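> Let's see this in three dimensions:
(chains A and B)
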Amino acid sequence: MLHIYCPHCCELREEEEFHAKGQAHIARPLDPDNCTDAEWGNYVFYRKNPRGLHHEIWYHSTGCRKFFNVTRDTQTYAIKEVYKIGEQPQVVAEG
Amino acid sequence: MSQKNRLQSGGRIDRSKALTFTYNGRQYKGYQGDTIASALLANGVDIVARSFKYSRPRGIVAAGAEEPNAVLQVGATEATQVPNVRATQQELYDGLVCGATNGWPSVESDMMGLMGKVGGNMMPPGFYYKTFMYPQSMWKTYEKFIRMAAGLGRAPKEVDQDEYDAVNQHCDLMVVGAGPAGLMAALTAARSGARVIIADEQSEFGGHLLSSRERIGGKSAADWVADIVEELASYPDVLMLPRSTVNGYHDHNFLTINENRSDYKGDKAPADQVRQRMHRVRAHWVVLATGAHERPLVYGYNDVPGCMIASAVSTYINRYGVVPGNKLVLMTTNDSAYQTALDWADAGREVVAVVDTRAKAEGDLVEAVRKRGIKVITGSAVIEVSGKKRVSGVTVAAIDAKGDKVVGGAQHMSCDTVASSGGWSPVVHLSCHTGSRPVWREDIFGFVPGPTVQKQLIAGGINGTYALEKVLAEGVEAGREAATRLGLTAADVQLPNVRSLSEGKAMELYHIPHTKPTSRAPKQFVDYQNDVTAAAIELATREGFEAIEHVKRYTAMGFGTDQGKLGNINGMAITAKSVGQTIPETGTTVFRPNYTPIAFGAIAGRNCKELFEPKRFSAMHKWHEENGALYEDVGQWKRPWYFPKAGETMQQSLDRECKAVRESVGILDASTLGKIDIQGKDAREFLARVYTNAWAKLGVGKCRYGLMCKEDGMVFDDGVTSCLGENHFLMTTTTGGAAGVLEWLELYHQTEWPELEVYFTSVTDHWATMTISGPNSRKLLAELTDIDLSNDTFKFMDWREGSVAGVPARVFRISFTGELSFEVNVQANYGLHVWEKLFEHGAKYNLTPYGTETMHILRAEKGFIIAGQDTDGSVTPHDLGMSWCVADSKPFSYIGKRGMMRSDCVRKDRKQMVGLKTKDPKVVLPEGAQAVADPKQPIPMDLLGHVSSSYWSANLNRSIALGFVKGGLERMGETVYYPLADGRVIEAEICSPIFLDPKGERQNV
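Below is the predicted model of the structure:
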C-alpha cells in the first residue's frame, strides 16, 4: 500500500484515502470541434503505460478532495515527487 | 498411548501439564509447550499425510513454517474447522482435535496408495496443461477426482463464530524475526531511543536459539534470550509480538502481521478475545532477520517417513525433548549438521553413521563427532532409502568429488531415521514481496535479498551469515545503522562471548546421484507437497520448459501451501544442471504475500457482518420500517423497493401502487438522489460545459433536466438542476452516481478550467426529499403549504420556496412519473415530520407510498431512461432518442460534443433505444434478452440489441419494455424476436418508448 504525500494537506497519508486517476498532463484540446478523429481519439483513449517513471493524477478523495500530480516509478512503486496541478515535474524519464 | 520417543528431561516443555489431543480419531498425550508435530513424534506417529499424486505415506520433515507434509485439518466442531494448519507451528492445547487432510479410508491404510502407480502415471509433469489441452471437457472430471484423492483441507461449512480485528501501527523500526540477529537489532535500536516493533512467528522469542545448546555470554542460550526480552519489555516504545507472522512486506515499508491471539489456547477464542489480529505497520525502517531454512538433500525415496532435515531433528530433541527415532543415519554436505549427530547421541540413541558427501571433513564439530566414536563416512552419500511406512535402512555409496555420479560399491545400513542437510537457504521471501529479485551467493550456495527501494536492512541468516558470533554482530550493526538513519545516536551494545568454531568448506550439492539414471532411479522428491521429483524436472526441461517460471508451472513445483520453502532451491539447481546453466542464470521464482497461509477471517477483521459496508438510511426510514417496506440496495442506500400489504404478491403490490399514482396520489422517498450545491459567478458557464443541453437562459426559480456525457460522447449520468440564484444552482444526480459526478466535476474544475470561479458541495444528506405524484397531489400539498400551487403561477419545471407542514421547504414541480408532481425538500431532520403530516392529510386521497420498483414502471410507461440501467457507457444521447437534449449551438465545445461527432457515433445503424410491445401482451420480456431478426438463423445468430427495462404495466394492462435495436429509430412497427435460454422465442413490435400520454398533458394540469 502506497504512502502518499498530499501537497495540499502537506501530510503523508495512506493510499486508502486516494484514487488514482491515470496519466497526468493530458490537456483537453482547446478547439475540440476542429480536431480530427485521430487527434480526438488520441486525447480520449490513448495512454502511456511506461515501465519506469510515470506522471499520474491522484485525487485525495476522502481527504481534501484536491487533485494533484505524482511522479511514480511503475517498476518499484517509488514515488519520486508530488506537485500541484498546473506545475511541471522535476523528475522526468531520460530520453 | 505412551510417549515412547519422549526424553525424561530437557526441552522447553512443561511435563507437569499433560495435554490430551485427538489425531485421526485417536487420543494422544502431549505436554504444554508441544506443537502438534512434536507431540505426534513423541507418540511415534509416523504418517501424517498421503502425497498428492502417488498417495505415498508421508511423515514430518521439518519443525517450522517450511513443513510440507504435516499439514492438518484442525477443529473440534464444524464452525471451528481450520484447513492447512502446519502441525509444526500449531501449539498443542488440551482437547485439540486434528486429522490428516487426505488419505482414504485413512492415511495409514490408504486405498489410493494401492493405485499409486496408476494415478502417478496418469499425472505426469504438465498434467494440468496436457489435460487442459485435450480433451477440454474432461477437466472438471479430473479436478473432482484429484480433489477427492488428495485434498488440501476443506473449508468449514458453518460460520466461524470467532472475531478477528486489525490494528494500525507506526514505528521507527520494524524488526522481523526474534532470533539472535533480530533481538540484537531491536535491543540496539531500543537503547538508541527508537520506537521498535519486533515480531516473530514462534510462541516465544529466540528463533533457533530455542533449539540450541550453545552458551552465550556464559549463560544458556535460553537465559540469554530471556534477559534480552526482559530488557526490551522495559522500554515503553518497544512492542513485542510473539506468535506473529510478518506475512507481507508491501510498498513503502508497509507490513502486514498476522498475530495469533488465541489459536494456541483452544478450539474457540475465549469470551471477549479475538482469535487473530492483523497489524498493519507503517515503518520508517525495517530490519529483516528472518534467518534461513535448512535444505534437505534429494535422494532415492527420500520421502519415506523418518527422512527429516537435520536441524529439525535437533529442534525436536533440544526444544521438545523428543527423539524421533532410534537409529540415525545423517547425511550432510557441511559441518553444521554434525551438531544433530551430537544431539542424537547425547539423547542416548544410536547414530549409525554420519555420511558426508565431502571427500574431507575436518571442522571442530566433525572432530567432536569423531571423538564420540561415531562413524563418519566421507565422500559418500545415501543414495536410496528402504522401507515403506517408515525408514528401515539406507544404501550408502561413494560418489565423485562433484557429486555427479556414484563411483563405489553400495553398502546397506539398518536405521529408522535419515537426517539430511544440503546447507541453508536464507528466508528471502519478504524481501521479494516488493519486487526485489534475490541474488545468488556462490560462497554460501544460496539466494540473499537483492537491491531494493525499501528502507530495508538485513542481518543474520537471511544475509547468509550463520556463525552465531557473526549473526549477533550483524544484528547490532543493523540496529545501529537503523538508529543512525533515523537521526538517533546509535547506542553501543557489547557483544556477548560465544564459542567460535572452525568450519570445513561446505560442498555444493543438491541432488544425490544414483547408480541408475535419474529417470529410472527410485523417486527422488524435490517438492513433497506436489510430488515433484528430480526426474519430473528433467522431463520438463527435455520437453522444452527451461525457464524456471515454466518449470514451476509445468511440474507444479512450489504450488503447495508451503510455497516450496523446502524444495524450491533444489528444484532450481536440478533445472540449472539439466539445461547446463548456473543457478543465477536459471534464476528463481519470486515469492508473493502471504508468507504462510492466512485465515480469511484475519483479512476481513471487523469488516464483516453489519460492518461489511456502511448502510445509509433516509430520514424517513423509521416510517418505512413501520410500514413494511422491502428494500432495494442502491449504492449504500436502503431504498424502499415496494410496500406490500398483508397477503399481496409483489406484482399485486406494484399494480396497486402504480394505479394509485395515476388515479389519485402516491409518494416516493427520493432523499437518496445525489444533490450537489453549485455556487460561484461561473457556475452557469460550468454547467453549460458539463451538460449536453443549454443553461444560459435558465432563470431563477426554474428547473431543467440535463444529460451528462464523458468525452467519448457516452451518457454517464442525468438529473434535474435548478437555478436557486443567478450564481447558485442545485444539481441532482442518480443515487448511485452522486460521488462519481462530484469527483468528475472537481476533476474538470481543478485540472481543465481552474479559471472558472465555481464551488461544489455535496448536500445529499442535508435534505429529505419526498415526491408527491398523481392527479390529487396539488390538492394534498395545498392543505399543508403557503406556496401558491396554481398552474398559472407555479408552472411545470418551476421551483418555489415556502413552508410545508410548518417547516421551510423547497418545492420543485418536476415529474419522473408523467403525472402532476411536486418534489418537497426539507431539512433532513424535519423529513419524518413532514412525511407523517402528508399521510395525516393524505388518507382521504388514498395517499399511497411507493418504492423504487413502481417508480421504475411509471417512468418506463413514459419512456424516461434510468442512467446505469438503460445506459451502459456505450450509448449517446442520440442513441437514446434524446437529441432534443443536445445543444450543439452552445459556444463552448461541451464535454461529449466532439465525442458524439466521431464517425462511429453518427452511424445510422447504431443500437438505438426504442419501445417494445410483445405480441402477446401478457408476456413480459426478460431484461437482458437479445433481439434477433430471424429466430431460425443458425447459431451464432446476429444480435441486434438487448432489452434494458421490462415490466408489467397495470395502468396499460400489458407488458412494456425499453430496449436497444440496431437502427431501431428507423424501424418503428417492425418485429424482432427474442430467443430465450429455455427455448421460448418472444415476438415483439418496435414502437415509441413513450407508452402513455405521449403529449405530456398529465403533468401539465
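> number of nearby residues for B:Thr649?
A count of neighbours around B:Thr649, defined by other C-beta atoms under 10 Å in any protein chain shown, yields 9. Any C-beta I mention is one placed from the backbone N, CA and C, and that applies to glycine too.
> Check the offset of the helix or strand B:Ser38 falls within from the chain's centre.
B:Ser38 belongs to helix B:36-42 when assigned by DSSP states H and E. Its chain's C-alpha centre and that of helix B:36-42 lie 32 Å apart, by C-alpha atoms, centre = their mean, to the nearest Å.
> Which strands and helices lie in contact with the longest helix anywhere in chain B?
Ranked by residue count under DSSP state H, the longest helix found in chain B is helix B:468-485. Other elements packing on helix B:468-485 under the criterion 3 or more C-beta pairs under 8 Å, 6 or more residues apart in numbering or on different chains; DSSP states H and E are strand B:164-176, helix B:180-191, strand B:276-288, strand B:456-458.
> mean confidence score for it?
Helix B:468-485 comes out with an average pLDDT of 98.
> Give me the contacts around it.
B:172-173, B:179-189, B:192-194, B:214, B:216, B:285, B:287, B:289, B:455, B:457-461, B:463, B:465, B:489-491, B:493, B:495-496, B:498, B:500 (C-beta atoms under 8 Å, 6 or more residues apart in numbering or on different chains).
> what angle sits between that helix and strand B:276-288?
Helix B:468-485 runs at 90 degrees relative to strand B:276-288, counting by axes from the mean of the first three to the mean of the last three C-alpha atoms, to 10 degrees.
> After the helix holding B:Ser38, which helix or strand is next?
strand B:49-50.
> Give me the sheet partners of that next one and which way each runs.
strand B:57-58 (antiparallel) (DSSP bridges).
> what's the following helix or strand after the partner strand?
Downstream of strand B:57-58, the first helix or strand assigned by DSSP H and E is strand B:71-74.
> helices or strands up against the next helix-or-strand element following that following strand?
Moving toward the C-terminus from strand B:71-74, the next helix or strand (DSSP H and E) is strand B:82-86. Contacts defined by 3+ C-beta pairs under 8 Å, 6+ apart place strand B:82-86 against strand B:71-74.
> Distance from the chain centre to the strand it packs on, please.
That offset, for strand B:71-74, works out to 21 Å (C-alpha atoms, centre = their mean).
> Report the distance from stretch B:369-386 to the chain centre.
47 Å.
> mind listing what's buried in that stretch?
B:369, B:374, B:376-377, B:379-386 (16 or more other C-beta atoms under 10 Å in any protein chain shown).
> what do you get for stretch B:962-982?
Those would be B:962-969, B:971, B:976-979, for stretch B:962-982 by 16+ other C-beta under 10 Å.
> ok so, going back, tell me what angle the longest helix of chain B forms with strand B:164-176.
110 degrees.
> Using CSV, list the CA coordinates for helix B:468-485.
C-alpha atoms of helix B:468-485 as CSV (Å, rounded to 0.1, in the frame of the first residue of the first chain):
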residue,chain,number,x,y,z
LEU,B,468,26.5,-17.2,15.9
GLU,B,469,29.1,-14.6,16.8
LYS,B,470,28.7,-13.0,13.3
VAL,B,471,25.0,-13.2,13.5
LEU,B,472,25.0,-11.3,16.8
ALA,B,473,27.4,-8.7,15.4
GLU,B,474,25.2,-8.2,12.3
GLY,B,475,22.2,-7.7,14.5
VAL,B,476,23.9,-4.9,16.4
GLU,B,477,25.2,-3.3,13.2
ALA,B,478,21.7,-3.3,11.7
GLY,B,479,20.3,-1.8,14.8
ARG,B,480,23.0,0.9,14.9
GLU,B,481,22.5,1.7,11.2
ALA,B,482,18.8,2.0,11.6
ALA,B,483,19.2,4.3,14.6
THR,B,484,21.7,6.5,12.6
ARG,B,485,19.4,6.7,9.6
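> who does the helix or strand following it touch, helix- and strand-wise?
Per DSSP H and E, the first helix or strand lying C-terminal to helix B:468-485 is strand B:525-527. Here strand B:525-527 touches strand B:532-533, helix B:534-542, helix B:568-578, going by 3+ C-beta pairs under 8 Å, 6+ apart.
> Looking at the stretch 151-300 of chain B, which residue is nearest chain A?
B:His252 (4.0 Å; C-beta to the nearest C-beta).
> Distance check, the residue of chain A most remote from its centre against chain B.
Distance to the chain centre peaks in chain A at A:Asn34, reaching 26.6 Å (criterion: C-alpha atoms, centre = their mean). A:Asn34 sits 9 Å away from chain B, going by C-beta to the nearest C-beta, to the nearest Å.
> For chain A, list the residues in contact with chain B, please.
Residues of chain A lying near chain B by C-beta under 8 Å from any C-beta of the partner chain: A:1-3, A:14, A:19, A:21, A:27-28, A:31-33, A:35, A:37, A:40-41, A:43-45, A:57, A:59, A:61, A:65-67, A:73, A:75-79, A:85-86.
> which residues of chain A fall in helices?
Under the criterion DSSP H, helices of chain A are mapped to A:37-45.
> Can you tell me the closest non-neighbouring residue to the spatially most central residue of it?
Nearest to the mean C-alpha position of chain A, by C-alpha atoms, centre = their mean, lies A:Glu56 at 1.8 Å. With C-beta to C-beta, 6 or more residues apart in numbering or on different chains as the criterion, A:Glu56 has its nearest non-adjacent residue at 5.0 Å, and that residue is A:Val70.
> That concludes my questions; thank you for your assistance.
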